[in-house]
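Peer 1: here is a sequence together with a model predicted from it:
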Amino acid sequence: GGLGELDGHLIGCRACPRLVAWREKVAATKRAGFQGWEYWGRPVPGFGPHDAPLAVVGLAPAAHGANRTGRMFTGDASGDFLFAALHAAGLASRPTATAADDGLELYGVRVTSPVHCAPPANKPTPAERDTCRPWLAAEITLLNPRAIVVLGGFGWQALLPVLSDCGWRLPRPRPRFAHGNVVTLRRAEPDAARPADAGRSEHGGRAADDELHVIGCYHPSRRNTFTGRLTSPMLIDLLHQAAHLAGL
Ligand code: SF4
């Protein structure tokens, strides 16, 4: 099956009791200002084309953002900042994202996260992170991206083991998160695990799929954007660089 089938299974997942309870409680109580919304309240699948050579990976859906709208990063301040930058970098059809049916299209990029349900205080437990890990591993395997932008240190910590599950060799010592840091991974077993016809000219003549570029980026959280730690030009620059590494 492809990514559509994977997403269809994902949205029925109830493997983490604490997160199931939280996502449904938030969906039932709602926040003032969103009382008219029917909250999604389920696992949030990745958003973007199924053949995107670039992935952007956060950490988990926000309670009143993606857990409300049902689309990754859609409906919260971090997402507003991210989608505006994706648009400025030529990777999105418009600068705003408000609802799953707002018509926004992404070009060559898919946004997703290592944990697919909104966690209390935006903090999944290590056990929840591990439980959700196979979903992202399956998504990355099917997507087979050339480059991944990782938003924030928690996302970085969560993503690296997923990439190891996908057959990428992690350098030792394990690379640390830093904004703008590019780590290029190679296959653990270069001749196994590779689909026979992967890496052909599917994405405009991109290189054979024996390299994956992982790029650290500060998370576009309010704390980072209000303080100027992450500015729009910084994020746009980094997305341009990532798109280039992805062969876009
Ligand atoms: Fe399932 Fe992941 Fe949600 Fe846990 S966080 S219930 S594993 S989709």
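Peer 2: Received it, and whenever you're ready, just let me know what you need. Numbering: from 1, shown residues only.

Peer 1: so what's residue 182 bridging to?
Peer 2: Taking DSSP bridges as the rule, residue 182 bridges to residue 215.

Peer 1: can I assume it is in contact with residue 214?
Peer 2: Yes - the pair residue 182 and residue 214 passes the contact test of C-beta atoms under 8 Å, sitting 7.2 Å apart. For the C-beta atoms, the positions are set from N, CA and C on the backbone; glycine is no exception.

Peer 1: who has more neighbours out of the two?
Peer 2: Taking neighbours as other C-beta atoms under 10 Å, residue 182 and residue 214 compare with residue 214 leading, 26 against 15.

Peer 1: excluding its backbone neighbours, what's nearest that one?
Peer 2: Residue nearest to residue 214 in three dimensions, not counting chain neighbours: residue 183, with 4.7 Å by C-beta to C-beta, 6 or more residues apart in numbering.

Peer 1: quick check: that neighbour touching residue 171?
Peer 2: Yes - applying C-beta under 8 Å, one finds residue 183 in contact with residue 171, separated by 7.1 Å.

Peer 1: which of those two has more residues huddled nearby?
Peer 2: More neighbours surround residue 183 than the other of residue 183 and residue 171, with 21 against 11 (other C-beta under 10 Å).

Peer 1: in terms of pLDDT, where does that one sit?
Peer 2: Here the pLDDT value assigned to residue 183 is 97.

Peer 1: from residue 142, how far out is residue 97?
Peer 2: According to C-beta to C-beta, to the nearest Å, residue 97 and residue 142 sit 23 Å apart.

Peer 1: oh, I was asking about residue 61
Peer 2: Residue 61 is 20 Å from residue 142, where distance means C-beta to C-beta.

Peer 1: the nearest residue to residue 48 once chain neighbours are set aside pairs with what?
Peer 2: Closest residue in space to residue 48, ignoring its immediate chain neighbours: residue 110 at 3.1 Å, by C-beta to C-beta, 6+ apart. When bridges are taken as DSSP bridges, the partners of residue 110 come out as residue 55.
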